[in-house]
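Colleague: fold the following for me, if possible:
(2 chains)
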Amino acid sequence: MGEVLIAGIGNPSRADDGAGWTVIDRLEQCQFSNITLSKQQGDIAKLLEQFSSHSTVYLIDACQLEAPLSTWFRIDALKNPIPHNAKQTSTHGFTLSEAIELAKNLGQLPNKLIVYAIVGHDFSMHEGLSPSVLQATDAVYQAITQEIEKCMKKA
Amino acid sequence: MTPDDKEKEKKLKVKAGAKTRTIQVDYLARVEGEGAMFIKTKEGKVTDVELRIFEPPRFFEALLRGRELFDAPDITARICGICPVAYQMSSVNAMENALGVTMPRHIHELRRLLYCGEWIESHTLHMLMLHAPDFLGYMDVIAMSKDHPDIIKRGLKLKKAGNELIQLLAGREIHPINVKVGGFYKLPEKNHLRTLIDPLKEARDDAIALVEWFNTFEFPDLVREYECVCLVPDDEYPMAAGPIGSTSGLNISPDEYDDHFKEEHVERSTSLHSTMTGGKTYITGPMARWNLRGHLLPEIVKQAAASIGFEKEVNNPFRMLLLRALEVVYACDEALRVIEEYDSEKAAPSVPLTKRAATGYGATEAPRGLLYHRYRLDEKGLIEDAKIVAPTSQNQRVIEEDLFDFVSQNIDLPDNELTWKSEQTIRNYDPCISCSAHFLKMERVDG
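Modeller: Residues are numbered from 1 along each chain as shown, chains lettered A, B, ... in the order given. The predicted structure is shown next:
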């Protein structure tokens, strides 16, 4: 079993939905050892497989929510439920909260599951993040690197 | 969203009166697209059923105009995240038809292999995660997974085998990038492909186990006569190429499609309805493929079907759950055949092409059924006109007719049960109306 996975979920061709991938791009420069970085489009089978093959998982995803610009959340998904999206983009896909719920029923949750949710404003078909979302990705990047460095010191 | 939330959101509303009864479901999960169902009865008999689709138009055909012919596979792949390979296959078939080139055997085989990956992942997603809960009375797969975790794990492993096949052959599992007009950008290495042999063998076993499990389900009783339409190649189960045939003996090349099928706009749907010329309703998808070309399936699929006493000709649409499972057995087996025979890594990945003014036609078998593309090109290879007919558009009419018969035969069911089973009837077709919100409203008017 791998130790730590940090996965960005989203689609960079849909504007702010690329927030998770942007954070992963920055984390790739850090060269953390024993940490797997991954970019995903949210396939539930892949997500569940990665849940079961890592003890600690950080997920970074864009979300739709009425909230001020640059808002982001850190959610301990094993202790608190993920707010459900009011709108699913596809019934052939599953929301992150459904993936977590399914993983729980299948006994495939990691020991630690942290979700960083960045509130997006523009999900139209083009590349590039809104300025406020770009700002939020910087804050999330800082938060994750601090969290990882803290964990490494403890270890 | 938890099952409880979904239940709340479903907001089953019943209005009962002396003459009018209305059932309304504000949110339908596990069927894609905006829709409403309207049922009218008179003296206890159904007189009208309408499946109303409010799919927002996406204008892909208009988007293609003025673009290079080589852009078509990658643009059309974006129509669907579940079956992008189908859009790529039909578009390259049509473009190659326009340019007058025929693919060598190794390209045909690799495209078939890629399609196998899509059938595996798409069918498995639908069968286990979306449709099976209907048969067992669960609100969704999350509720089902509490009682059947091992089945779900097996299904996820099966889906993964399909995803890995697409990723290896085409770069990534969603919206693959290695397909081009004229072939592929790069051919896979034999050793890389062979790493998939063991997972695919396991996947084939898992698919057979699913056939057996689904066979324990109780299938609603609905038997109808269908005009089946699918590709009808002589030497292989329908998938990536071939003429178009039907139950009543049609056998045409894709360039004759527009002479025999027509699309029309009906007021109740933003999605065009397809019929055969003359207005005849037809069905496309697993049932058509099985009924018209099931005899071409390999022995292992025939044995899996025989072991559960599966009928040679299917005319109960609920049995499509089993058909999809049998097609997954086939896709795994066919993928193994192609991989084991593959010896073309040194061959040319594509054939040379010369642009010309022409019209091209292509049809392939998406998991949900026949997918037709037509493009008119100018002498510079720019697209002047495009037409795309998706399987769900072709199946809309037959879904309505199934609903009419099913509701007629079950008119005495309580509203909530009738609503549930009507939704299940729609899901028999795995309708895929991409990128739209979900809204099924059922109205039953007695009067």
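
Colleague: going by C-alpha atoms from here, please, whenever you check contacts or count neighbours.
Modeller: OK.

Colleague: can you tell me how far B:Ser145 sits from chain A?
Modeller: 6 Å (Cα to the nearest Cα, to the nearest Å).

Colleague: and what of B:Ser246?
Modeller: The value you get for B:Ser246 to chain A, if Cα to the nearest Cα is used, is 29 Å.

Colleague: next, the nearest residue to that residue once chain neighbours are set aside: phi, psi?
Modeller: The shortest distance from B:Ser246 to any non-neighbouring residue, by Cα to Cα, 6 or more residues apart in numbering or on different chains, is to B:Val229 (4.4 Å). Main-chain torsions, B:Val229, degrees, to the nearest 10: phi -130, psi 130.

Colleague: so who does B:Val229 touch?
Modeller: B:244-247, B:282-285, B:288-289, B:370 (Cα atoms under 8 Å, 6 or more residues apart in numbering or on different chains).

Colleague: confidence score at the spatially most central residue of chain A?
Modeller: With distances taken as Cα atoms, centre = their mean, the residue of chain A nearest its centroid is A:Ile60 (1.7 Å). The score at A:Ile60 is 94. That number is its pLDDT.

Colleague: check B:Ser434 too.
Modeller: Value for B:Ser434, per-residue pLDDT: 37.

Colleague: leaving out the residues flanking it, which one is nearest to the residue positioned nearest the centre of chain B?
Modeller: Nearest residue to the geometric centre of chain B (Cα atoms, centre = their mean): B:Arg368, 1.2 Å. Excluding its sequence neighbours, the residue lying closest to B:Arg368 (Cα to Cα, 6+ apart) is B:Gly285, at 4.8 Å.

Colleague: what helix or strand does B:Lys421 sit in?
Modeller: Element membership of B:Lys421 [criterion: DSSP states H and E] is helix B:415-427.

Colleague: give me the low-pLDDT residue ranges for chain A?
Modeller: Residues of chain A that meet the criterion pLDDT under 70 lie in A:1-2, A:83-93, A:155.

Colleague: oops, could you answer that again for the stretch 1-150 of chain B instead?
Modeller: In the stretch 1-150 of chain B, residues with pLDDT under 70: B:1-36, B:54-58.

Colleague: where exactly do the helices run in it?
Modeller: Under the criterion DSSP state H, counting those that start in this stretch, helices of the stretch 1-150 of chain B are mapped to B:3-10, B:60-64, B:72-77, B:84-99, B:105-124, B:132-136, B:141-147, B:149-170.

Colleague: could you dump those helices into TSV with mean neighbour count added?
Modeller: Output for the helices of the stretch 1-150 of chain B, formatted as TSV (neighbours: other Cα atoms under 10 Å in any protein chain shown):
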stretch	mean neighbour count
helix B:3-10	14
helix B:60-64	16
helix B:72-77	22
helix B:84-99	27
helix B:105-124	24
helix B:132-136	17
helix B:141-147	20
helix B:149-170	22
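
Colleague: which among those helices is found nearest to B:Gln424?
Modeller: Nearest of these to B:Gln424, taken as Cα to Cα: helix B:132-136 at 6.2 Å.

Colleague: all helices for chain A, in order.
Modeller: For chain A, the helices defined by DSSP state H cover A:19-27, A:44-52, A:96-105, A:131-154.

Colleague: out of the ones you listed, the one nearest B:Lys262 is which?
Modeller: With Cα to Cα as the yardstick, what comes closest out of the helices of chain A is helix A:44-52 (37.5 Å).

Colleague: show me what contacts the residue nearest to the centre of chain A?
Modeller: A:Ile60 touches A:6-9, A:19-20, A:23, A:115-118, counting by Cα under 8 Å, 6+ apart.

Colleague: try it again with 10 Å
Modeller: Each residue near A:Ile60 by Cα atoms under 10 Å, 6 or more residues apart in numbering or on different chains is listed here: A:6-10, A:19-24, A:39, A:73-74, A:114-118, A:137, A:140-141, A:144.

Colleague: low pLDDT regions in the stretch 301-447 of chain B?
Modeller: The stretch 301-447 of chain B contains residues with pLDDT under 70 at B:433-447.

Colleague: for it, what spans make up the strands?
Modeller: B:358-366, B:369-377, B:383-389, B:439-446 (DSSP state E, counting those that start in this stretch).

Colleague: quick one: closest of those to A:Glu98.
Modeller: Across the strands of the stretch 301-447 of chain B, closest to A:Glu98 is strand B:439-446 (Cα to Cα), at 19.4 Å.

Colleague: dump the strands of the stretch 301-447 of chain B to TSV, plus distance to B:Pro176.
Modeller: TSV is the format used below for the strands of the stretch 301-447 of chain B (distance: least, Cα to Cα, whole Å):
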stretch	distance to B:Pro176
strand B:358-366	15
strand B:369-377	18
strand B:383-389	19
strand B:439-446	30
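
Colleague: redo these as TSV? Include mean neighbour count.
Modeller: Converted to TSV, the strands of the stretch 301-447 of chain B look like this (neighbours: other Cα under 10 Å):
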stretch	mean neighbour count
strand B:358-366	25
strand B:369-377	26
strand B:383-389	19
strand B:439-446	23
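
Colleague: may I ask you to name the longest strand in chain A?
Modeller: Longest strand in chain A, counting residues (DSSP state E): strand A:54-64.

Colleague: what angle separates that strand from helix A:131-154?
Modeller: Interaxial angle of strand A:54-64 relative to helix A:131-154 (axes from the mean of the first three to the mean of the last three Cα atoms, to 10 degrees): 170 degrees.

Colleague: so what are the sheet partners of strand A:54-64 and their directions?
Modeller: strand A:2-9 (parallel), strand A:112-120 (parallel) (DSSP bridges).

Colleague: redo these as CSV? Include mean neighbour count.
Modeller: Formatted as CSV, the strands paired with strand A:54-64 follow (neighbours: other Cα under 10 Å):
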stretch, mean neighbour count
strand A:2-9, 21
strand A:112-120, 22
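
Colleague: if we can go back for a sec, quick check, nearest of the contacts of B:Val229 to chain A?
Modeller: Lowest distance from chain A to the contacts of B:Val229 (Cα to the nearest Cα) belongs to B:Gly285, with 17.8 Å.

Colleague: ok, the closest one touching B:Glu365?
Modeller: Yes. B:Gly285 is within contact range of B:Glu365, at 7.5 Å (criterion: Cα atoms under 10 Å).

Colleague: shared neighbours, the two?
Modeller: What both B:Gly285 and B:Glu365 touch, as defined by Cα under 10 Å, 6+ apart, is the set B:230-231, B:371, B:391.

Colleague: quick check: the farthest pair among the residues you listed?
Modeller: The most widely separated members of those, counting by Cα to Cα, are B:Leu231 and B:Pro391 (12.6 Å).

Colleague: what touches both of those two?
Modeller: B:284-285, B:365, B:369-371.

Colleague: just the closest of these to B:His192, please.
Modeller: So of those, ranked by how close each gets to B:His192 (Cα to Cα), first place is B:Glu365, at 26.5 Å.
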